[in-house]
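1. Following is a predicted model, sequence given first.
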Amino acid sequence: MLTTSPQALQVLVVADPGLPSRRAASIHSSLERYLREAYGVTTTLYTRTDTVYLTPERELALDAVEDLRADYPDVNIILTEIPRHTQGDPLIAEVYSDRNLAVVSCPTLGALATKRRIIKVMMSSVNKLVPWDPEATTRKFLLGWSNWSNNEDSSHQSLHAHTITGGPRLIMGMTIANEPWRTAPKLSGALAAASATGAFGIFYSSIWQMSTYLSTLRLLSIGALAVLVMVAWLIASHKLWDRPVNERLATVVMYYNLSTVLTLLITVVALYAILVVLILLGGLVVIDPAFMTQQIQQEASFNNYLDIAWLSAAMGVVAGGIGASFDSDADVQKVTHGQRMRQRVYTDNSTDADDTVESS
């Protein structure tokens, strides 16, 4: 903790690449203004993007963090995508007053963490590190939904998420951090196989006839089954299911796996929806209504085109799972928290990414 009340305050925010760095950039001006108003001194806020490392025991590598903030003696905040969990609940933030350091976990704030929510947590963390009482302007940043708790060391305090809502919020936050909308381009083999197979539905009348006689419930069931098959195949073929190396990490690894499944579900459902739209448009252009009427032996309608697109897309998604086998394991694994956490393991001998992965 700072030992005096300086005339100027320097605050450094070190954010992980990706979502944390974007969130840090979005709140920069607002956070700097609130800090200046709260403490009544000239305040300078610096932001920096850098990877926060872990020890081989999967704890935060505080010694490595020291190197990131060496030039900023006042308050330092780490905004990381590392999901953290202690004392049975997800961990939102930690404060180390002896190091003038606060660590905020981005995923624990949730998928739709607003700027105000992030600023509240950061302001609350800073209040634990400065030696003088904040002015009345910071009262609005007091946390009503969680309280700080002391650890064995009085200089170390923790802010945990709510017992009931914290877990689901953490999983959603991890899923957003995985950026499922950027997963599809990494599945080029799956996309090619799904598109090619789905397109056959436009040209084969047997698929038209089959989709005509399938009930809506059965068509929906086929689509859901196709999505689940592709997700399961992606997890199995690219080894995306993590196993805890010890019992202490079992809960965190469970969050890793749940966020991986949810990320892939979102990606595959989006792929399915795109295929349905594309095949539907293609069918409307290629298939003449009179010819379809002759083949399915009933008056062709828009619903028939939609049924054909739905069934063809299901075929395409299943084929896409097989095509995913040709995609790079490394590219696909990077969309999961487990793989990215393994790449963060810090060693004294090397911080090179390749050496780090091998050591983990």
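-> Sure, I can see it. Numbers count the residues shown, from 1 in each chain.

2. Every contact and neighbour count from this point should use C-alpha atoms.
-> Will do.

3. Just list the residues touching residue 82, thanks.
-> Contact analysis of residue 82 by C-alpha atoms under 8 Å, 6 or more residues apart in numbering lists 105, 106, 107, 341.

4. Can you redo those residues as a markdown table, where the extra columns are neighbour count?
-> As requested, the contacts of residue 82 are arranged in a markdown table below (neighbours: other C-alpha atoms under 10 Å):
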| residue | neighbour count |
| --- | --- |
| 105 | 23 |
| 106 | 28 |
| 107 | 29 |
| 341 | 20 |
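
5. Out of the residues you listed, which one has the lowest pLDDT?
-> Within these, residue 341 has the lowest pLDDT, namely 70.

6. In which helix or strand does that residue reside?
-> In this assignment (DSSP states H and E), residue 341 forms part of helix 337-342.

7. From residue 9, how far out is residue 194?
-> If you measure residue 194 against residue 9 using C-alpha to C-alpha, to the nearest Å, the figure is 56 Å.

8. Residue 96 bridge partners, please.
-> On DSSP bridges, the residues paired with residue 96 through beta bridges are residue 101, residue 156.

9. pretty sure it contacts residue 104?
-> No: proximity of residue 96 to residue 104 does not meet the contact threshold set by C-alpha atoms under 8 Å, at 11.7 Å.

10. in the stretch 151-300 of the chain, which ranges drop under the pLDDT threshold?
-> Counting by pLDDT under 70, the stretch 151-300 of the chain contains low-confidence ranges at 152-154, 163, 183-189, 245, 247-249.

11. Try it again at 80.
-> Within the stretch 151-300 of the chain, the stretches falling below the threshold (pLDDT under 80) are 151-155, 162-165, 179-193, 238, 243-252.

12. hey, where'd the helices end up in it?
-> If you assign secondary structure with DSSP state H, counting those that start in this stretch, the helices in the stretch 151-300 of the chain sit at 166-177, 188-203, 205-213, 216-237, 250-286, 289-296.

13. Point out the most buried one among these.
-> Mean neighbour counts were compared across the helices of the stretch 151-300 of the chain using mean count of other C-alpha atoms under 10 Å; the top stretch is helix 166-177, at a mean of 23.

14. Please export the C-alpha coordinates of it as PDB.
-> What follows is helix 166-177 as a C-alpha-only set of coordinates in PDB (Å, rounded to 0.1, in the frame of the first residue of the first chain):
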ATOM      1  CA  GLY A 166     -21.000 -16.600 -10.000                       C
ATOM      2  CA  GLY A 167     -20.500 -20.000 -11.800                       C
ATOM      3  CA  PRO A 168     -22.900 -19.400 -14.700                       C
ATOM      4  CA  ARG A 169     -21.600 -15.800 -15.100                       C
ATOM      5  CA  LEU A 170     -18.000 -17.200 -15.200                       C
ATOM      6  CA  ILE A 171     -18.800 -19.800 -17.800                       C
ATOM      7  CA  MET A 172     -20.500 -17.200 -20.000                       C
ATOM      8  CA  GLY A 173     -17.600 -14.800 -19.600                       C
ATOM      9  CA  MET A 174     -15.100 -17.600 -20.600                       C
ATOM     10  CA  THR A 175     -17.300 -18.400 -23.600                       C
ATOM     11  CA  ILE A 176     -17.200 -14.800 -24.800                       C
ATOM     12  CA  ALA A 177     -13.400 -14.700 -24.200                       C
END
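
15. now that helix and helix 250-286, what's the angle there?
-> Here helix 166-177 runs at 50 degrees with respect to helix 250-286, directions being taken by axes from the mean of the first three to the mean of the last three C-alpha atoms, to 10 degrees.

16. what about helix 166-177, distance to the chain center?
-> Average the C-alpha atoms of helix 166-177, do the same for its chain, and the two points are 7 Å apart (C-alpha atoms, centre = their mean, to the nearest Å).

17. Just to check, residue 75 is in contact with residue 12?
-> Yes: at 6.5 Å, residue 75 and residue 12 qualify as touching, with contact defined as C-alpha under 8 Å.

18. Quick check: the gap between residue 117 and residue 213.
-> 52 Å.

19. And for residue 174?
-> The span separating residue 174 from residue 213 equals 42 Å under the rule C-alpha to C-alpha.

20. Nearest residue to residue 201 in space, please, no chain neighbours.
-> On the basis of C-alpha to C-alpha, 6 or more residues apart in numbering, the spatially nearest residue to residue 201 that is not a chain neighbour turns out to be residue 312, at 5.0 Å.

21. Go ahead and confirm that neighbour touches residue 195.
-> No: in terms of C-alpha under 8 Å, residue 312 does not count as a neighbour of residue 195; the distance is 9.6 Å.

22. Helices of the stretch 1-150 of the chain, start to end?
-> Defined through DSSP H, counting those that start in this stretch, the helices belonging to the stretch 1-150 of the chain, from first to last, are 19-39, 62-68, 115-127.

23. Redo those as a markdown table? Include distance to residue 229.
-> Listed next are the helices of the stretch 1-150 of the chain as a markdown table, based on distance: least, C-alpha to C-alpha, whole Å:
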| stretch | distance to residue 229 |
| --- | --- |
| helix 19-39 | 30 |
| helix 62-68 | 42 |
| helix 115-127 | 38 |
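
24. from those, which stretch is densest packed?
-> Stretch with highest mean neighbour count among the helices of the stretch 1-150 of the chain: helix 115-127 (a mean of 19; mean count of other C-alpha under 10 Å).

25. what's the angle from that helix to helix 19-39?
-> Relative orientation of helix 115-127 and helix 19-39, computed by the same axes, to 10 degrees: 60 degrees.
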